[in-house]
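Undergrad: curious how this folds, go ahead:
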Amino acid sequence: MTEPGATPRATPHASSRAAVLDVIRAAGTISRVGLVRATGFTGATISTVVRRLIDDGLVLETGRAESTGGKRRVLLQLNLTSRYAVGVHLDHAGLTYVLTDLGGDVVARMSRAGVGADDPPVVVERMATEIEALLEGADVDRGRLVGLGLVAPGPMNQANGMQLVPPAMRRWEDFPLDRELAAATRLPVLLDNDATAAALGEHWSGGVGGASTFAAAYMGTGIGAGLMINGIPYRGPSGNAGEIGHICLDLEGPECWCGARGCTETLAGPGAVVAAARADRELARAADLPPVADPARRAADFAAVTRAALRGEPRARTLLEGSARYLAVAARTLANIMDLEQLVLTGPSLAIAGSIYLPVVQRELTESFFSRSTHPVTVRLSRSAATAPAIGAAAMVLQSELVPLREGLRLPDNLAEAEPANHEAGAGPSVASSGVA
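TA: Down below sits the predicted model:
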């Protein structure tokens, strides 16, 4: 779009520079007058900030808008090749690498074997080699590389890496993954949850339009969700918000690896689908499943069951639609809690089976979403479902470095202790608010 029609919802950017750059990114092309309207900053502030962004190579002037009777306005847009970021998605089933430009468009991508049974230091060394190969193949100026985003299945601990992991990745528990990869690649590394990254990637690349509250329902080898509120990822205190894979759907259901029973993931996840397909001998033959279960093949086996369903195998279709109904109920729970406007289905498993899951989830939200009389929840399949976490990992770096957000105020646990002893009588505590700069 060329000019925003309304002022966007407020986002707490850390500076006027961050705010202006983010509006230009979201708009695609926009004039300085449009920036004044969108940000509320003065014309002088916009002129100063835009000049500095142009000088830094981040923004370009690109033609003029159509005349509205006066002088045609000069349009601005991101200089997409001015900065790049690497995104890495680490999973037991596979490693996905992407290199994106400033707008989040993929410049290069690469998929390799998953972590398997290898020790973490061995995998980190391999990852460093594969990242180097990705960069060499893309032939980009290393000086324009902002950093590396690394995402993996939750739960995550921002300080200590993966704390509680699926059984197939027990070797990674408490391993300082981000620090080790930073040392191996000599790049700054940010670590996050893969579902949260998938949601951020949809936002950064403009895939969700003006939705203020949306979620990305993610299914890879497990199930999760990433949440975005007014352009900001909602992570929760430990970075693990959105774990719809561990919503209880059956109090007497099978035990989950997390310690609970009847979780969405145990009933609807790829592992549950593959186990049920293997238990049905006729379906196992139709899908050409190997006779012995192998966690390293879970993604491939799920894909085989999906292909059988898409060929018209009725047992496979019924099995996947049953999984989709469980996922739909978990998605409805999330939509009710968050009052979602939009839900994006994403992740490697939904990249394959999305055409089966999409109508089931949409029907559930259309018919049973609590606030359906007020507004609908739009459900769609991500355009980059297979690589969404890696793209989001790169977007995470770009956002952190170029459009940082100001952290919210955290009140002390004991306000009386936080109050200085020598304050003037009658004067209440003051909170300094950051201005734009």
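
Undergrad: and stretch 297-314, how far out from the chain's middle?
TA: On the basis of C-alpha atoms, centre = their mean, to the nearest Å, stretch 297-314 is displaced by 26 Å from the centre of the chain it belongs to.

Undergrad: stretch 23-38 now?
TA: The gap between the average C-alpha position of stretch 23-38 and the chain average comes to 24 Å, counting by C-alpha atoms, centre = their mean.

Undergrad: and that stretch, which residues are buried?
TA: Of the residues in stretch 23-38, 23-27, 29-32, 34-38 count as buried by neighbour count, 16 or more other C-beta atoms under 10 Å. Placement of C-beta: from N, CA and C, glycine included.

Undergrad: what's the span of it, first residue to last?
TA: Chord length of stretch 23-38, first to last residue, is 7 Å (C-alpha to C-alpha, to the nearest Å).

Undergrad: rounded mean pLDDT for that stretch, please.
TA: The average pLDDT for stretch 23-38 rounds to 91.

Undergrad: what's next to it, contact-wise?
TA: With C-beta atoms under 8 Å, 6 or more residues apart in numbering as the test, stretch 23-38 has contacts from 1-4, 7-8, 20, 39, 41-43, 46-47, 50, 53, 59, 62, 65, 73-78, 102-103, 204, 206, 231, 403.

Undergrad: buried ones among those?
TA: Buried residues within the contacts of stretch 23-38, defined by neighbour count using 16+ other C-beta under 10 Å: 3-4, 8, 20, 39, 41, 46, 50, 53, 59, 65, 73, 75-78, 102-103, 204, 231, 403.

Undergrad: show me where the stretch 101-250 of the chain has strands.
TA: Shown for the stretch 101-250 of the chain, the strands assigned by DSSP state E, counting those that start in this stretch span residues 106-113, 145-152, 156-157, 161-162, 189-193, 213-219, 223-229, 232-234.

Undergrad: most tightly packed of the ones you listed?
TA: Among these, the stretch with the highest mean neighbour count (mean count of other C-beta atoms under 10 Å) is strand 213-219, at a mean of 28.

Undergrad: what packs against that one?
TA: Taking 3 or more C-beta pairs under 8 Å, 6 or more residues apart in numbering; DSSP states H and E as contact, the helices and strands that strand 213-219 lies on are helix 194-204, strand 223-229, helix 314-338, strand 342-346, helix 348-368, helix 388-402.

Undergrad: of the ones you listed, which stretch is the most buried?
TA: Once neighbours are counted as mean count of other C-beta under 10 Å, the most buried of those proves to be helix 194-204, having a mean of 30.

Undergrad: which elements pack onto it?
TA: With contacts defined as 3+ C-beta pairs under 8 Å, 6+ apart, helix 194-204 has these neighbours: strand 84-90, strand 145-152, strand 213-219, strand 223-229, strand 232-234, strand 342-346, helix 388-402.

Undergrad: now tabulate the ones you listed in CSV and tack on distance to residue 97 and mean pLDDT.
TA: Putting these into CSV (distance: least, C-beta to C-beta, whole Å; pLDDT from 0 to 100) gives the following:
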stretch, distance to residue 97, mean pLDDT
strand 84-90, 5, 95
strand 145-152, 10, 93
strand 213-219, 18, 94
strand 223-229, 20, 93
strand 232-234, 21, 87
strand 342-346, 18, 96
helix 388-402, 6, 92
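
Undergrad: okay, the ones you listed in CSV with distance to residue 333 next?
TA: Converted to CSV, the helices and strands packed on helix 194-204 look like this (distance: least, C-beta to C-beta, whole Å):
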stretch, distance to residue 333
strand 84-90, 26
strand 145-152, 24
strand 213-219, 11
strand 223-229, 10
strand 232-234, 16
strand 342-346, 12
helix 388-402, 22
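
Undergrad: which one of the ones you listed lies closest to residue 300?
TA: Closest of the helices and strands packed on helix 194-204 to residue 300 is strand 213-219, at 15.1 Å (criterion: C-beta to C-beta).

Undergrad: what's the span of stretch 283-298, first residue to last?
TA: Distance between the boundary residues of stretch 283-298 (C-alpha to C-alpha) amounts to 16 Å.

Undergrad: list the contacts of it.
TA: Outside stretch 283-298, the residues within contact range by C-beta under 8 Å, 6+ apart are 92-93, 114, 116-117, 167-168, 221, 270-271, 274-275, 277-278, 301, 304-305, 307-308, 313, 315-316, 319.

Undergrad: tell me the contacts of residue 115?
TA: Residues in contact with residue 115, defined by C-beta under 8 Å, 6+ apart, are 90-92, 95, 123, 169, 171-172.

Undergrad: and of these, the nearest to residue 142?
TA: Ranked by distance to residue 142 (C-beta to C-beta), those are led by residue 95 at 21.5 Å.

Undergrad: give me the number of residues near that closest one?
TA: Taking other C-beta atoms under 10 Å as the neighbour definition, residue 95 ends up with a count of 21.

Undergrad: hang on, it in a helix?
TA: No - Residue 95 sits outside any helix when classified using DSSP: H, G, I helix; E, B strand; the rest coil, being strand.

Undergrad: let's have the chain start at 334 instead
TA: Got it, the first residue is 334 from now on, which makes the last one we talked about residue 428.

Undergrad: partner residues bridging it?
TA: For residue 428, the residues forming beta bridges with it (DSSP bridges) are residue 423, residue 445.

Undergrad: and for residue 596?
TA: Under the criterion DSSP bridges, residue 596 forms beta bridges with residue 581.

Undergrad: is it in contact with residue 579, as I believe?
TA: Yes - checked against C-beta atoms under 8 Å, the pair residue 596 and residue 579 is within contact range at 4.7 Å.

Undergrad: which of those two has more residues huddled nearby?
TA: Per other C-beta under 10 Å, whichever of residue 596 and residue 579 has more neighbours is residue 596, with 29 against 22.

Undergrad: mind listing what the more buried one touches?
TA: When the contact criterion is C-beta under 8 Å, 6+ apart, the partners of residue 596 are 578-582, 586, 589.
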